[in-house]
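Visitor: Structure here, sequence nowhere to be found:
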């Protein structure tokens, strides 16, 4: 009981509003690449051709600054359009607690970092599950980006959870990525970067709103 009260005081209820910078990676796996990954990961109903990676450095959140990386796949769970998050890494214990308490997100505490210096962008993850570093080059402005709310399928079962992401006009940059180092064999993101057409976009002015979530039975 004491632990639950402590978490409630430290973790404000949803909806949350967050701001910061973010690197978005999206691509399309071929049927053959998808079949190869399914053999390695097992039959996962939400694993589809569309794969999305997301790195964020949140400067303002209800629980203070932290960094996050997740890899997801969509677009359906049964008949519902959705995003299935496979791996999610956050840089602080409080963010780890909040993700599990509020949304049932499969958060793992980890070393996550993303930074931009001039035209150079670097993102990295250091954990027992994923170890890699990506380096990117700013290729110039891209069109303004806005994403609709997405229901998310998490480890606690199918849950309706909406992410609303927007960026300021003119802040979206096209990025050319390369793998600097990778020590993870079965990584969806590495498969995407190595084998499939993809696009990478960076924004230094990202805003996100995360809704409450509830079970879909």
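Guide: Good, I have the coordinates. In this text the structure is predicted, and so the values were computed from the model without any measurement. Residues are numbered from 1 along each chain as shown.
Visitor: And the helices in this protein, which stretches?
Guide: In the chain, the helices defined using DSSP state H lie at 2-10, 31-41, 93-98, 188-195.
Visitor: for the nearest residue to residue 210 once chain neighbours are set aside, what are its contacts?
Guide: In space, and not counting its chain neighbours, residue 210 is closest to residue 16: 4.6 Å by C-beta to C-beta, 6 or more residues apart in numbering. To be clear about C-beta, it is placed using only N, CA and C from the backbone, and glycine gets the same treatment. Applying C-beta atoms under 8 Å, 6 or more residues apart in numbering to residue 16 gives the contacts 61, 62, 208, 209, 210.
Visitor: Return the closest of these with respect to residue 136.
Guide: Comparing the contacts of residue 16 against residue 136 with C-beta to C-beta places residue 208 closest, at 20.7 Å.
Visitor: Dig out what that closest one forms beta bridges with.
Guide: residue 18, residue 165 (DSSP bridges).
Visitor: and if you look at residue 136?
Guide: residue 121, residue 177.
Visitor: Test my guess that it contacts residue 23.
Guide: Yes: the criterion here is C-beta atoms under 8 Å, and residue 136 meets it with residue 23 at 7.4 Å.
Visitor: so what's in contact with the two at the same time?
Guide: Residues touching both residue 136 and residue 23 (C-beta under 8 Å, 6+ apart) are 121, 123, 175, 200, 202.
Visitor: closest to residue 140 among the residues you listed?
Guide: Nearest member of the shared contacts of residue 136 and residue 23 to residue 140, counting by C-beta to C-beta, is residue 175, at 9.8 Å.
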